[in-house]
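Q: here are the coordinates; sequence isn't available:
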RNA sequence: GGGGGCGUGGUGUAGUGGUUAACACGCCGGCCUGUCAAGCCGGAGAUCGCGGGUUCGACCCCCGUCGCUCCCGCCA
């Protein structure tokens, strides 16, 4: 080793020892006859003193040194002079007085400062990712990520899970997301696909009798990116045999609590995760991934306004549509400009307009463009139902159930943000259960699965498949944290007749099914155990635990929103020879 | 595919239809033996993302384009 100690480990008890450190020059402070600098490695920083009076040779070397030079320093650990401790550094009580300094490698001045957490344009950070990764923020985040994954492996290992790798080159299926394709050289015109998730393979491992499987699995989806979506990402993919829904929920809950306690810098809001039905979630929050850190819940006031003079409301209620509202405390003084911002948001979410009432903080007078349509009794009833106080703002939406949900969910999140209720100072997990088996809308006369084809209907709902498929609930579950979906899974259908019935409802012909899932369906004929699983998204969880706003901050080498890598400049063109071998002809792009 | 935001020395920002394009950090040189965001003195460094247009004159206004980003569509 080129060093005897790490730069973060020297303490008072090392005083008097001669040590050798190696690392990067963090910052130099040149006093003339004495030079200080902090030597940095992944472990931390240690102040090095180079005194011309002690070692002229070391002093001469250091006089040429610039920031980010890679040095090896040998010297004696000493206590700093009285009153010169640096309480900001764990090593701040000591310093190393250099006897010799070796330049292991010089360094160009970096395009941005490594030792300061200043905002730098993200494209520059991505181009010089290896320098960005030197900075404290990403080192911290990747350490959190490591600790989380280490915890997961240990936790599942202790509980009898086997980590099994599955192929990256697999089969394309037209279902779900767009696949990344890999051309076959050996089989002209044929392609592998990179897995969107190891879904099929883990179910086959259950058929194979492995009972408890997991994998830290890389997944690929060729879809447009978001702050929480990258073309390749990592899931904790897992599956268990002979389990029921609550076995999986209990296990994952214990895993999450342990992982957060081990790795997170953001604490849990609570340890017992609430379990909320899909129906309750959309009714209270307007979404199936509610941010439950704050209230502002949706409240139905249809009955109170059904016979009001405001035609929009009364007509909507008569048509069987709801009138719902949220109450934003302290926002009653919103200006015309602020209200039109909210209205724009509401319209963006599908609303035709935005009704509102504001209660004056002192006079308690209610103002708003629609107030004149309501009797005093109606206004009082509404404010009481909403639990609105003087100074509050009531935002009202009336439309179809779906639009009302979307609009009020959007407004609720906006008001949560404006009121500072979404700051990342705690993690509020909630289970969403009892999803409908099918989506509400029909696709070409057939039912569309809300999760995937292998999701198990709730046992007691199976008879409903023949009479009222939309009423069928399933053993699908999502784990949501601070409004982000962080895991999703289900109990699977292991029985062929039930599988066949679902496929018929979806409109899958036997031929299609055999072509795409033949291996699965055949496998299920050889004794498939009841099984189920879940797949927590590692990137999203780590981002939440690190308090980061996007998952790029917790990935070593992420891609841009255009799915490019600015460091290596990929994707890039390839040699004609490579294309020829793969039997690929590139079409001229329309733009060119 | 659509919509919004951003683009000014190496970095982060300020800026106005006519300026010598400003400030901080960084960088270079000098001074300094107890600094730790060291300090002090001096200096270099910008065709204001790119292209076109309007104008006597554009960093500023308009159009296009490229890059980054957020959102919708898409995607568990």
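A: Received the coordinates, thanks. Remember, predicted model here, so these are calculated numbers, not experimental data.
Q: Spit out the contact partners of residue A:198.
A: Neighbour list for residue A:198: A:166, A:215, A:217, A:219, A:237 [criterion: Cβ atoms under 8 Å, 6 or more residues apart in numbering]. In short, each C-beta sits where N, CA and C put it, glycine included.
Q: how many neighbours does the last one have?
A: It refers to residue A:237. Using other Cβ atoms under 10 Å, the number of residues around residue A:237 comes to 26.
Q: Is it bridged to anything, and to what?
A: residue A:215 (DSSP bridges).
Q: mind checking how far it is from RNA strand B?
A: Distance of residue A:237 to RNA strand B, given as Cβ to the nearest atom of the strand, to the nearest Å: 10 Å.
Q: tell me the contacts of residue A:460?
A: Applying Cβ under 8 Å, 6+ apart, no residues contact residue A:460.
Q: Give the bridge partners for residue A:241, please.
A: residue A:531.
Q: That one touches residue A:527, doesn't it?
A: No: using Cβ atoms under 8 Å, residue A:241 is not in contact with residue A:527; the gap is 11.2 Å.
Q: Identify the spatial nearest neighbour of residue A:279, chain neighbours not counted.
A: residue A:434 (7.0 Å; Cβ to Cβ, 6 or more residues apart in numbering).
Q: I'd say that neighbour and residue A:473 touch.
A: Yes: at 4.7 Å, residue A:434 counts as touching residue A:473 under the criterion of Cβ under 8 Å.
Q: what touches both of these two?
A: A:278, A:458.
Q: Residue numbers of the stretch 51-200 of chain A in contact with RNA strand B?
A: Contacts of the stretch 51-200 of chain A with RNA strand B, taken as Cβ under 7 Å from any atom of the strand, map to A:51-53, A:66-67, A:80-81, A:84-86, A:88-89, A:92, A:95, A:97, A:109, A:111-113, A:116, A:118-124, A:126, A:176-178, A:196-197.
Q: from those residues, which ones fall inside helices?
A: Cross-referencing those against helices under DSSP state H gives A:122, A:123, A:124, A:126.
Q: could those residues be laid out in a markdown table, adding neighbour count?
A: Shown next, in a markdown table, are those (neighbours: other Cβ atoms under 10 Å):
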| residue | neighbour count |
| --- | --- |
| A:122 | 16 |
| A:123 | 11 |
| A:124 | 14 |
| A:126 | 18 |
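Q: Can you show me the strands along the stretch 401-550 of chain A?
A: In the stretch 401-550 of chain A, the segments counted as strands under DSSP state E, counting those that start in this stretch are A:429-433, A:438-443, A:446-449, A:476-481, A:484-491, A:531-536.
Q: do you know which of those strands lies nearest RNA strand B?
A: strand A:484-491 (3.5 Å; Cβ to the nearest atom of the strand).
Q: quick one: contacts for the residue in the stretch 301-450 of chain A that RNA strand B sits nearest to?
A: With Cβ to the nearest atom of the strand as the measure, residue A:450 is the residue of the stretch 301-450 of chain A nearest to RNA strand B, at 5.5 Å. Neighbouring residues of residue A:450 by Cβ under 8 Å, 6+ apart: A:435, A:436, A:437, A:438, A:439, A:474, A:476.
Q: What separation is there between the closest residue to the fourth one other than its chain neighbours and residue A:174?
A: The spatial neighbour of residue A:438 that comes closest, neighbours along the chain excluded (Cβ to Cβ, 6+ apart), is residue A:447 at 4.1 Å. Using Cβ to Cβ, to the nearest Å, we find residue A:447 at a distance of 18 Å from residue A:174.
Q: now do residue A:505
A: Separation of residue A:505 from residue A:174 (Cβ to Cβ) stands at 18 Å.
Q: The two: which is more packed in?
A: Just comparing residue A:505 and residue A:174: by other Cβ under 10 Å the higher neighbour count belongs to residue A:505, 18 against 8.
Q: Need the nearest residue in space to the more buried one, chain neighbours excluded.
A: Counting by Cβ to Cβ, 6+ apart, the nearest residue to residue A:505 once its immediate chain neighbours are dropped is residue A:447, at 4.8 Å.
Q: Who is that neighbour paired with across the strands?
A: Beta-bridge partners recorded for residue A:447 (DSSP bridges): residue A:442.
Q: circling back to that earlier point, check the burial of the residue nearest to residue A:279 by counting its neighbours.
A: The number of residues packed near residue A:434 is 19, by other Cβ under 10 Å.
Q: if I look at the residue of chain A most remote from its centre, how far off is residue A:59?
A: Most distant from the centre of chain A: residue A:53, at 55.0 Å, with distances by Cα atoms, centre = their mean. Using Cβ to Cβ, residue A:53 is found at 9 Å from residue A:59.
Q: Among the residues of the stretch 51-200 of chain A next to RNA strand B, which are located in strands?
A: If you go by DSSP state E, those have A:51, A:95, A:97 in strands.
Q: what residue ranges in chain A are flagged as low confidence?
A: Scanning chain A with the threshold set as pLDDT under 70 gives A:441-444, A:589-592.
Q: go again using 50 as the cut-off
A: A:590-592 (pLDDT under 50).
Q: ok, the residue nearest to residue A:204 when sequence neighbours are not counted - how many residues close by?
A: Sequence neighbours aside, residue A:523 is the residue nearest to residue A:204 in space, at 5.6 Å (criterion: Cβ to Cβ, 6+ apart). Look at residue A:523: counted by other Cβ under 10 Å, it has 17 neighbours.
Q: what do you get for residue A:454?
A: 21.
Q: you'd agree it is up against residue A:491?
A: No: assessed by Cβ under 8 Å, residue A:454 is found out of contact with residue A:491, at 9.3 Å.
Q: Pull up the residues of the stretch 351-500 of chain A that are close to RNA strand B.
A: Proximity of the stretch 351-500 of chain A to RNA strand B, by Cβ under 7 Å from any atom of the strand, involves residues A:450, A:451, A:452, A:476, A:485, A:488.
Q: hmm, try it at 10 Å
A: A:406, A:410, A:413, A:432, A:435-436, A:439, A:449-452, A:455, A:476, A:478, A:484-485, A:487-490 (Cβ under 10 Å from any atom of the strand).
Q: For residue A:513, see how far away the closest residue to residue A:448 other than its chain neighbours is.
A: Closest residue to residue A:448 apart from its sequence neighbours, by Cβ to Cβ, 6+ apart: residue A:439 at 4.5 Å. Distance of residue A:439 to residue A:513, given as Cβ to Cβ: 20 Å.
Q: Would you tell me which helix is longest in chain A?
A: The longest helix of chain A (DSSP H) is helix A:136-158.
Q: What residues of that helix count as buried?
A: A:138, A:140-142, A:144-145, A:147-149, A:151-152, A:155-156 (16 or more other Cβ atoms under 10 Å).
Q: Now do the SS call for whichever residue of the stretch 201-350 of chain A sits closest to RNA strand B.
A: Nearest to RNA strand B, among the residues of the stretch 201-350 of chain A, is residue A:224, at 3.0 Å (Cβ to the nearest atom of the strand). Look at residue A:224: counting by DSSP: H, G, I helix; E, B strand; the rest coil, its state is coil.
Q: returning to that earlier point: report the contact partners of the residue nearest to residue A:438.
A: With contacts taken as Cβ under 8 Å, 6+ apart, residue A:447 has the following neighbours: A:438, A:439, A:469, A:470, A:505, A:506, A:507.
Q: just checking, residue A:262 touches residue A:151?
A: Yes: look at residue A:262 against residue A:151 with Cβ under 8 Å: they come within range, at 4.6 Å.
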